[in-house]
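Engineer: I'll drop the sequence and a predicted model, then ask my questions.
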Amino acid sequence: MNKPSIRTAAGVIASVWAAFLLPPQLVVWSLSDTPEWMVRLASSTMYEWLTARGASVGLTDPYFLYGAAVAPSFLLIGWVLTHATRGLGWTGRALSWITLAGAPLVVVSYAAEDWPDPWGMLWGAEAILFMAIGLAGLAAGVVAFRRHVSRSWATLIAITPLVIVVSTLIVPYYPHGTLIGMGLHAAAFGLATREPEPSPALSPAA
């Protein structure tokens, strides 16, 4: 498997993993707002087994278990972005490192649900993180256009905030829903080419 294929696979795995964790998370978060088919799926043997395995190591709160477990998706997406933004200066580094920072932050965020103030304010901190990722992506996209990487590659980077907003609206639960979209977005970098498009040859004067 070549490197672009590996990056595409990493993005797809990040998206699928976030989607896999979503059904039991939605049930715990808001049972009345969860579609019936998803409630049935969340009660399947597969999730019951995972819940039992978590409880066996002391993770007895499904909200934390299926929430914090989304951390690997941040790592996979951040890894793809590290390559995608190489050569874009501090904006590229900011985009990849802020995304990677989501892995420990999401664990802290879910743990902070029961923490006393002021530490309890860290609950839901992924919202601020996603805003920072979006701004960093927009800045990195501008730099990509200026440094003459391919227009498709630069556009992929620049639409990062749009991907975050749209995926969160389609699957209105973050970080899982947002990461589903971000994972597919990351996968697209493995399919696009970074090399500048060749300039059209000039026709000789008649």
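Structural biologist: Good, I have the coordinates. Residues are numbered from 1 along each chain as shown.
Engineer: tell me how many other residues crowd residue 49.
Structural biologist: Residue 49 has 10 neighbouring residues, counting by other C-beta atoms under 10 Å. Using the backbone N, CA and C atoms, a C-beta is placed for each residue, glycine as well.
Engineer: need the per-residue pLDDT for it.
Structural biologist: Confidence at residue 49, expressed as pLDDT, is 95.
Engineer: then residue 159?
Structural biologist: On pLDDT, residue 159 comes in at 96.
Engineer: can you count the residues close to it?
Structural biologist: Residue 159 is flanked by 17 other residues according to other C-beta under 10 Å.
Engineer: and the residue nearest the centre of the chain, how far from residue 71?
Structural biologist: For the chain, the residue whose C-alpha lies nearest the mean C-alpha position (C-alpha atoms, centre = their mean) is residue 179; its distance is 3.3 Å. Look at residue 179 and residue 71: by C-beta to C-beta, to the nearest Å, they are 10 Å apart.
Engineer: now do the helices in this structure.
Structural biologist: For the chain, the helices defined by DSSP state H cover 3-29, 36-42, 45-56, 62-68, 71-84, 89-111, 126-146, 151-158, 160-170, 176-189.
Engineer: let's see the second one as PDB, backbone CA atoms only.
Structural biologist: If I follow you right, that is helix 36-42. Backbone C-alpha positions of helix 36-42 (Å, rounded to 0.1, in the frame of the first residue of the first chain) are rendered in PDB as follows:
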ATOM      1  CA  GLU A  36     -35.200   3.900  17.100                       C
ATOM      2  CA  TRP A  37     -33.000   2.000  14.800                       C
ATOM      3  CA  MET A  38     -29.900   3.400  16.500                       C
ATOM      4  CA  VAL A  39     -31.300   2.600  19.900                       C
ATOM      5  CA  ARG A  40     -31.700  -1.000  18.800                       C
ATOM      6  CA  LEU A  41     -28.200  -1.000  17.400                       C
ATOM      7  CA  ALA A  42     -26.800   0.400  20.600                       C
END
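Engineer: what about that helix, distance to the chain center?
Structural biologist: Shown here is helix 36-42, whose average C-alpha point lies 24 Å from the average C-alpha point of the whole chain (C-alpha atoms, centre = their mean, to the nearest Å).
Engineer: and that helix, what's buried?
Structural biologist: Within helix 36-42, the residues that qualify as buried by neighbour count (16 or more other C-beta atoms under 10 Å) are 41-42.
Engineer: ok so, going back, list the contacts of the residue nearest to the centre of the chain.
Structural biologist: Shown here is residue 179, whose contacts under the criterion C-beta atoms under 8 Å, 6 or more residues apart in numbering are 14-15, 18, 70, 73-74, 77, 167.
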